[in-house]
Every structure is written in C-alpha cells, then in structure tokens.
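Undergrad: here's a sequence, model it:
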Amino acid sequence: LEDRGRLDLAHRFVDAYPDDGGCDEGPSYWGRAGAPLSESLELPHAATGRRLDVYREPVVRAIGQYIARAYIAGDFYVDMGDASAKVKPEPELVFRYGRAVGDPSLAAFGSFLAARRGPYGPGDVPRYGSLARVLPALLRAGDLAATPPVEPLDGEVWLPDLQMMAARERPGSSAGLYVAAWGGHNAQSHNHNDVGNVIVYADAQPVLVDVGAPEYTSKTFSPRRYEIWTMQSAWHNLPVVNGVDQQDGAAFRAREVAFTPGRDTARFSLDLAPAYPLEAKLTRWRREVPLDCRKRAVVLAEDWALGESREPIRLDFVTPLRADLSTPGRVWLARPVGALPSARGEPGHVLLYDAKLFVASVQEKVVEDGRLQPIWGDRLYRIVLTARERTLRGSHRIVVRSAR
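TA: Numbering: from 1, shown residues only. Predicted coordinates:
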C-alpha cells in the first residue's frame, strides 16, 4: 500500500484498523466504515487491469469478514459501543466485498441477506443513498441471484485485537445458546464503559443484552456523554464495586485476556479490575465465561479481591425478558411471548445464582427512545444481585440456561 498516491486515503484508513479487521464501533457502522474501503479500491483495481490488487492484503480481507463474524442470527449482531443490536447490512455490499477479496462464504452471506430482504427495488434506492452503490447493486443482481445463500453460523469467533469472542452451542445452527464477550478499553470509538461485557442469546432471541445507544443528541458527543444511562457500565452485564462504575479513558482496560476454543467448551477470560477507577479499591476481578455445550449453559465464573469494602458488591444483568424472582437462587426469564416460566419447567430461561451469597431484585426501565424501542420494545429489566455481606474477597458462579 505504501507509495501509491491514489490509495493514500485507503492506506490511512487501513492503518487505523487492527489485523483482525474488527470494528470497535460495532457492526452497524460497517456499512460506512469497512464496506466503503472495498468500494474505494474498485477504481484503481479496474484502472490498472487488476494489477494493483490491494484486495490481497490480509487486513483488507479481515475488514470485510468482520460483518459475518459479528452475526448472531436474524437481524441480531454483536453490538459493541453505540452500535445497534439489530442491523440490516446492504446485501450487495457484503456480496461485492466477498467477491473482491475472494471469500466465497462472505459472498454467500450477501446472497443470504438478499434472499431475506427480497428483490432489490426502488424502495431500496433512497437507503443506499448514492449512485455509486445503486448502479453496482443493479449490475451485480444476476451474479447475486445465482450465488447459493449461506448463513454464517460459525461455532467460534475470536478477534484478538478487538478482544471479542463469540461461540454458539450448535455450530451451523441458530438454535441453542450463543454467547459473546469482549475486553478492550474505555476509549474506543463510540465507547461505552463496557469492558468485560457479555451477552447471551438463545434460539436466536436475546436473553442478556447490550442495550446500544439511544438517538444521538448534543449530549452524546460532549463531556456529558456518560450521563446517558446506556453508556454506563451499570447498564451492562457487569459488576458495580464499592458503588463505583467503570471509568472512561484509554487507561481503563482489560488485562490478561484469553480465549480457549473447544468443541465441548469455549472459554473466554479476563481481569476487569483495571477498567475501574482507584476509588473502587478493586485489585482483581477475574471473569471467566465458558459456553458449556454438554450442559447447554453459559457460565460466569468470577473471583475478586478488594483493598477495602465499603459497600456490598453488585452484579447487574440487563434483559428484555420479564423476570420472576419468586424462587431464591433462580431468576425465571419469560420468552418474548407467553406466560412466565415456572419451576415446573415451562418454556423460558433461568439465571441461577447462590442465594446464600446474593439477594436478587429487578428494576424496570421504560424505553421510549425511537432508536431503542423498535429493538427491545417498551420495557427493559435490570436484574440486580447484591451481596449479602461486605467482604474483601470472594468468588461465585452465575449460570444461564434453558428453564426446561
């Protein structure tokens, strides 16, 4: 890429990307971040008779593949930062990127997205926004239609630079459990204070979620950004330590991040302690997130140590499902439709905790925002597990599984 004047802007753009192609702004920004890279390279590629082939660069290929790697099921994607949990990538962009970098699976994902959307028509033109996208979409319609659609349902994903992992219980299927988690730092693009956050889906539906960002206002990109509730670690699936949330800034980050793949158990681990300011008095918070395919469960195994204990620790979990706390040690979570599950094993999911260690409560959050309501409906719930005692160190396990 060096010393090629026509590609200077592309070079600068790629230079800012990690080798794994991960986008810290999340998948809903891919259409205006990673995807335009491929478009900008098409002209010099064609003008030189394909002799100037930057598509061979591994990082360029990885930037395109990110959109498939962040895919959960349906319209749901792993939504770091301000990204939305529901995304509709432009099928033609995904297809063209896959063809350009020689990745048949990415091109097949574009075909899959097109099949879900239906034929490209006049109603799609305003959304695409420019002739530079409309015309190639029309010219490639035949190739797109002739490509067999394939849904990207990888068993495991690991982006080491972004420090994001994902794993599904049944590779090749959207049925069963899906978990994603990430480390990183709290000065990423469109940052939320969310180092160590974990999300869980089951049968392609959300169970524990990352809320995303509400509609942008003057506060969003101002010194008051972290007054917005969705930007705060307490509205992620994270601990509150001595009454203190995570802090924004590059110094507040994960350490000792590791991912271990496995057919029966995929395991992600990190230490959250550096993501919290000094007043949290936190010296260690090791979070281990295994997806146990044999037991069909997502586990949060944690151990922690404090220099001082002023308040009981608190674990927060955000869900769009209604919560029933009637059974100590179990939070029964309703599916989006139907009655609340019960101990008799009716459909739903359950969050298991040690009732000797924690007291459970639930807080309801009314959702009126025009960006969030179409995704989560008019209610979100925060399950709060508060430690019964103040202690300087401890350990616990939280399990999420089907209520059947």
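Undergrad: what segments of the stretch 101-250 of the chain are strands?
TA: In the stretch 101-250 of the chain, the strands defined using DSSP state E, counting those that start in this stretch lie at 156-159, 164-168, 177-182, 185-186, 198-202, 205-208, 239-240, 249-253.
Undergrad: leaving out sequence neighbours, find the closest residue to residue 132.
TA: Closest residue to residue 132 apart from its sequence neighbours, by C-beta to C-beta, 6 or more residues apart in numbering: residue 39 at 6.6 Å. Bear in mind the C-beta positions are built from the backbone N, C-alpha and C, glycine included.
Undergrad: and the helices in the stretch 251-400 of the chain?
TA: Assigned by DSSP state H, counting those that start in this stretch, the helices in the stretch 251-400 of the chain fall at 373-376.
Undergrad: so where do the strands sit in it?
TA: All strands of the stretch 251-400 of the chain, identified by DSSP E, counting those that start in this stretch, fall at 255-260, 265-271, 282-292, 297-306, 314-319, 323-327, 330-333, 349-352, 358-366, 379-387, 393-402.
Undergrad: quick one: these as a markdown table, columns for mean pLDDT and distance to residue 183 too.
TA: Compiled in a markdown table, the strands of the stretch 251-400 of the chain are given as follows (pLDDT from 0 to 100; distance: least, C-beta to C-beta, whole Å):
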| stretch | mean pLDDT | distance to residue 183 |
| --- | --- | --- |
| strand 255-260 | 95 | 4 |
| strand 265-271 | 94 | 5 |
| strand 282-292 | 94 | 10 |
| strand 297-306 | 96 | 15 |
| strand 314-319 | 97 | 18 |
| strand 323-327 | 93 | 28 |
| strand 330-333 | 94 | 26 |
| strand 349-352 | 95 | 23 |
| strand 358-366 | 96 | 25 |
| strand 379-387 | 97 | 22 |
| strand 393-402 | 95 | 19 |
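Undergrad: tabulate those (CSV), appending mean neighbour count and distance to residue 224.
TA: As requested, the strands of the stretch 251-400 of the chain are exported to CSV (neighbours: other C-beta atoms under 10 Å; distance: least, C-beta to C-beta, whole Å):
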stretch, mean neighbour count, distance to residue 224
strand 255-260, 16, 29
strand 265-271, 22, 29
strand 282-292, 20, 25
strand 297-306, 20, 30
strand 314-319, 22, 22
strand 323-327, 15, 31
strand 330-333, 22, 33
strand 349-352, 22, 33
strand 358-366, 15, 20
strand 379-387, 19, 22
strand 393-402, 16, 33
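Undergrad: which stretch among the ones you listed comes nearest residue 170?
TA: For the strands of the stretch 251-400 of the chain, proximity to residue 170 was assessed by C-beta to C-beta; strand 282-292 is nearest, at 10.9 Å.
Undergrad: tell me the strands beside that closest one, with direction?
TA: Strand pairing for strand 282-292, using DSSP bridges, gives strand 265-271 (antiparallel), strand 297-306 (antiparallel).
Undergrad: make a markdown table out of the strands of the stretch 251-400 of the chain and add distance to residue 57.
TA: Shown next, in a markdown table, are these (distance: least, C-beta to C-beta, whole Å):
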| stretch | distance to residue 57 |
| --- | --- |
| strand 255-260 | 25 |
| strand 265-271 | 28 |
| strand 282-292 | 32 |
| strand 297-306 | 36 |
| strand 314-319 | 38 |
| strand 323-327 | 48 |
| strand 330-333 | 44 |
| strand 349-352 | 43 |
| strand 358-366 | 44 |
| strand 379-387 | 41 |
| strand 393-402 | 39 |
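Undergrad: what's the closest of those to residue 154?
TA: The nearest among these, by C-beta to C-beta, is strand 265-271 at 11.1 Å.
Undergrad: so that closest one versus strand 177-182, what angle?
TA: On the basis of axes from the mean of the first three to the mean of the last three C-alpha atoms, to 10 degrees, strand 265-271 is oriented at 30 degrees to strand 177-182.
Undergrad: CA atoms only for strand 265-271, dumped as PDB, please.
TA: Listed next in PDB are the C-alpha coordinates belonging to strand 265-271 (Å, rounded to 0.1, in the frame of the first residue of the first chain):
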ATOM      1  CA  THR A 265     -16.400 -25.800  25.900                       C
ATOM      2  CA  ALA A 266     -15.300 -22.500  24.500                       C
ATOM      3  CA  ARG A 267     -13.700 -20.300  27.300                       C
ATOM      4  CA  PHE A 268     -13.100 -16.600  27.500                       C
ATOM      5  CA  SER A 269     -11.400 -14.900  30.500                       C
ATOM      6  CA  LEU A 270     -10.000 -11.500  31.500                       C
ATOM      7  CA  ASP A 271      -9.400  -9.300  34.600                       C
END
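Undergrad: how far out from the middle of the chain is it?
TA: 16 Å (C-alpha atoms, centre = their mean, to the nearest Å).
Undergrad: from the middle of its chain, how far away would the host helix or strand of residue 94 be?
TA: Per DSSP states H and E: residue 94 is located in helix 91-101. When distances are taken as C-alpha atoms, centre = their mean, helix 91-101 is centred 22 Å away from the chain's centroid.
Undergrad: show residues contacting it.
TA: The contact list for helix 91-101 (C-beta atoms under 8 Å, 6 or more residues apart in numbering) reads 31, 34-35, 38-39, 41-42, 45, 55, 60-61, 64, 67-68, 103-114, 117, 120, 133, 136-137, 140, 143-144, 147.
Undergrad: state the mean pLDDT of it.
TA: The predicted model gives helix 91-101 an average pLDDT of 91.
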